[in-house]
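>>> curious how this folds, go ahead:
(2 chains)
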Amino acid sequence: MNSNIWLLTFADAISIATTLILASLGAIITERSGVINLGVEGMLLMGAVTAFVVADSTGNLWFALFIAVVVGVVLSSIHAALTVGLRANQIVSGLAMVIFGTGLSQFIGKPIEGDPLPVVIRPLELGWLADLPIVGPVVFGHDVFTYLTWVAAGGASFYMHRTRPGLTLRATGDAPATVDAQGGSVARIRWAHTMVGGALMAFAGAWYMFARAAAWNQAATTNGIGWIALALVVFASWRPLRAIGGAVLFGFSLQVPFTLQALQIRILPPTIVAMFPYLITLAVLVLLSTPRARRLLGAPKMLGQPFVRDER
Amino acid sequence: MMLLGRRIQVEQRMAVPKSAVVIVPVVSVIFALVVGGVFLALTGHPPIRTYLDLLNNGYTSFYGITDTLGLATPLICTGLAAAFAFRMNLYSIGQEGQMYLGMIGGTWAGIVLADSLPPLIAVPSVLVFGALAGAAWIAVPALLRARLGTSEIVSTLLLNYVALNLVNFFIFGSTGFFRDPTTSFPQGRAVAESARLSPLSLFTEKVTNTYPTLFVAVSLAVLLFWFMRVSNYGYETAVYADSPNTARYAGMNSAWLQSSVLLVSGALAGVGGAMYVVGPAGKVDPGLLQVGLGYAGIVVAALARYNFLAVVLAAVLFAGLRTGGNALQVSNDPVPIAIAVVLQGAVLLFALGGELFRRNKVTLVRVQSATT
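Predicted coordinates:
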């Protein structure tokens, strides 16, 4: 019995990691180009609420996911317009996106608050694979998007480290002046990757809505997952594949409070246990910022810096 | 970029004209109202009438403006906190959590110390302990930033969620010190009467929601404005903000500058939380968790362009949106309060975009066919 519930916790951790991977993948792709988008939480909420509303009126899951992605692209292009186009402060713009996205999603979501989900993303039926002991429920009990997310992380890793556009992307984050001198358009690369990143973030929100949430419940729907995804970017040292492992770890720490509650293990009150994911993230951040770790990290060198040719 | 045979020409300005300082925020607000109006119209609420209601309920009616000033009081503090850190390129977004800690620290002082003290000492001691608690909450991120260069953005933010759970723990998760022992209903233990201020009466019989702490908040803004202008410390932070390297070569201690600025920022946000204790709440009140004054403080600071005096105006503007929005929610044609948050976000986005016009001279130039 007890081993079962821990298996379920692991399975849940891997499932919840899907949102974290997607969102942090979006952030990694954005940040590799030298743009930091703190608006992840706003993007997640907007993706979730628009997907819900569209699915509610059309009943079509795929169309709902598509619209969520479009919303992500639109919102992140506002961020790109402000930070790349107008060279506004990336931090403040990202925070504005969080506030704007939170407010707008609550405004849009008001009529559907608490309604049952119009569509649900269900786990795949993988036959005998799912019946395997331990591995079955933990690894083979997920929906198609969870597996696609792993593939996407692999694809992003390949793109960044094994292709020429990926090399240019990393160069844009590290040394935009060099890219510019080679005739590349720093602005275009930053715009494109910010938009792709935003699409992934909004999709992460939409997936979370249909696969993990019970109903739309204002900002509590995502409950700070967007911020954890941002911490995860540092944890993964801006590498997509490492984000998978980190996301599962974070997913586990998000799930453990519920498991302990279910097992009626009350060593600590639930409100204290609920602090753990954030405290663990903080501890990891500290470990990662020691000079030794910093050398190995490889944050984009010009992260957050607008590129101006004549000020070079 | 081409527009009807004309080209948009952007030239960098040497000096920012006085007019842009006023025009850009005003235009930002107008544009935000237009965006909000589109969403209102799409959801079947007449925009103009909704805005007139908002104006009346938030600013021009007696209870509207007094509610607004009451809400603006802690918001000025969190706005000052954000402005103080952001103007040195330290992006602490932990005002929300520091404010909760200010509420906790202030309540502690209000229960333990204030009982035997006259109000003249009890009230300031609540505020001071609020400030200390707020500073303590940012101490770890400040130290990490100064010593290891850990991003203060993520560390301060993570602590917001810890602080939120801490308040929930004190009120809902335990029956400890901060919990009211006289009832099984989960609510905070009240501070001593001497630690409370009564609301301003403003020469009328009516009971307002504005507390004398408003004057403390405004004084803090004036004090900061003056101090950072005349003091050596203000000069050093300004140099550091412009160019950390210059500051280092000039022998300024950057670790000290960074950590002290963050600590003061945390203290300011903490005072905001303590004002909530002295004023309307009188205890650790989880209701504060719903208001989001910490995050709003960042918007206020950005809209004020980190000018301490402008923070006061921006805070009143934002608080009015909130009180007006609250009233709309319960009117005959209920408009979700979230419209206030949408407007806040939109104002900030347009203000950011407006930076271009502040820093640059933007003109439309007729394109000469001979030169193209």
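
>>> list the residues that contact the spatially closest residue to B:Glu355 that is not a sequence neighbour.
Spatial nearest neighbour of B:Glu355, chain neighbours left out: A:Ala88 (5.4 Å); criterion: Cβ to Cβ, 6 or more residues apart in numbering or on different chains. (Glycine included, C-beta is placed from N, CA and C.) Applying Cβ atoms under 8 Å, 6 or more residues apart in numbering or on different chains to A:Ala88 gives the contacts A:Leu82, B:Leu352, B:Gly353, B:Glu355, B:Leu356.

>>> for those, which one is nearest B:Thr107?
Of all the contacts of A:Ala88, B:Leu352 has the smallest distance to B:Thr107: 36.8 Å, by Cβ to Cβ.

>>> what about the closest one, distance to chain A?
4 Å (Cβ to the nearest Cβ, to the nearest Å).

>>> was I right to think that residue contacts A:Leu86?
Yes: using Cβ atoms under 8 Å, B:Leu352 is in contact with A:Leu86, at 7.3 Å.

>>> neighbour count for the two, which is higher?
Legend: neighbour count by other Cβ atoms under 10 Å in any protein chain shown for B:Leu352 and A:Leu86, higher for B:Leu352 (25 against 19).

>>> whichever strand or helix holds that one: how far from the chain's middle?
According to DSSP states H and E, B:Leu352 maps onto helix B:338-359. What separates the centre of helix B:338-359 from the centre of its chain is 15 Å, taken as Cα atoms, centre = their mean, to the nearest Å.

>>> buried stuff in it?
B:338-358 (16 or more other Cβ atoms under 10 Å in any protein chain shown).

>>> likewise stretch A:125-132?
A:Ala130.

>>> got it, and stretch A:265-283?
Of the residues in stretch A:265-283, A:270-282 count as buried by neighbour count, 16+ other Cβ under 10 Å.

>>> setting the sequence-adjacent residues aside, check what's closest to the residue of the stretch 101-250 of chain A found nearest chain B.
Per Cβ to the nearest Cβ, A:Gly103 is where the stretch 101-250 of chain A lies closest to chain B, at 2.7 Å. Computed as Cβ to Cβ, 6+ apart, the closest residue to A:Gly103 that is not its neighbour in sequence is B:Val341, at 2.7 Å.

>>> pull up the gap between that neighbour and A:Gln106, please.
To A:Gln106, B:Val341 is 7 Å away according to Cβ to Cβ, to the nearest Å.

>>> intersection of neighbour lists for those two?
Joint contacts of B:Val341 and A:Gln106 (Cβ under 8 Å, 6+ apart) do not exist.

>>> before we move on, the earlier item: the buried residues of stretch A:265-283 into TSV, with extra columns for distance to chain B, secondary structure and pLDDT?
Below are these laid out as TSV (distance: Cβ to the nearest Cβ, whole Å; DSSP: H, G, I helix; E, B strand; the rest coil; pLDDT from 0 to 100):
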residue	distance to chain B	secondary structure	pLDDT
A:Pro270	7	helix	76
A:Thr271	4	helix	81
A:Ile272	6	helix	84
A:Val273	9	helix	79
A:Ala274	5	coil	78
A:Met275	5	coil	84
A:Phe276	9	helix	81
A:Pro277	8	helix	77
A:Tyr278	4	helix	83
A:Leu279	6	helix	87
A:Ile280	9	helix	82
A:Thr281	5	helix	79
A:Leu282	5	helix	86
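
>>> which one of the residues you listed is nearest to A:Ile121?
Nearest to A:Ile121 among the buried residues of stretch A:265-283: A:Pro277, at 23.5 Å, using Cβ to Cβ.

>>> any idea which helix is longest in chain A?
For chain A, the helix reaching the highest residue count under DSSP state H is reported as helix A:2-32.

>>> enumerate the positions of the helix or strand just after it that are buried.
Where DSSP H and E defines the elements, the next helix or strand beyond helix A:2-32 is helix A:40-58. Buried residues in helix A:40-58, defined by neighbour count with 16+ other Cβ under 10 Å: A:40-56.

>>> quick check: phi and psi at residue 303.
Here I'm looking at chain A. Main-chain torsions, A:Leu303, degrees, to the nearest 10: phi -60, psi 130.

>>> how close does it sit to chain B?
For A:Leu303 relative to chain B (Cβ to the nearest Cβ), the value is 10 Å.

>>> flag the shaky bits of the chain, pLDDT-wise.
Just so you know, I chose chain A. Along chain A, the parts satisfying pLDDT under 70 run over A:1-3, A:219, A:292, A:294-298, A:310-312.

>>> wait, I meant chain B there
With pLDDT under 70 as the threshold, chain B has low-confidence stretches at B:1-8, B:14, B:202, B:367-372.

>>> who are the neighbours in contact with B:Tyr59?
Neighbours of B:Tyr59 in contact, by Cβ under 8 Å, 6+ apart: B:Ile65, B:Thr68, B:Gly320, B:Gly324.

>>> which one among the residues you listed gets closest to chain A?
Closest to chain A, out of all of the contacts of B:Tyr59 and judged by Cβ to the nearest Cβ, is B:Gly324, at 14.3 Å.

>>> surely the closest one is in contact with B:Thr50?
No: using Cβ under 8 Å, B:Gly324 is not in contact with B:Thr50; the gap is 9.5 Å.

>>> what about residue 170, how many neighbours?
All of this is about chain A. Using other Cβ under 10 Å, A:Arg170 has 19 neighbouring residues.

>>> correction: the question concerned chain B.
Neighbours of B:Phe170 under the rule other Cβ under 10 Å: 24.
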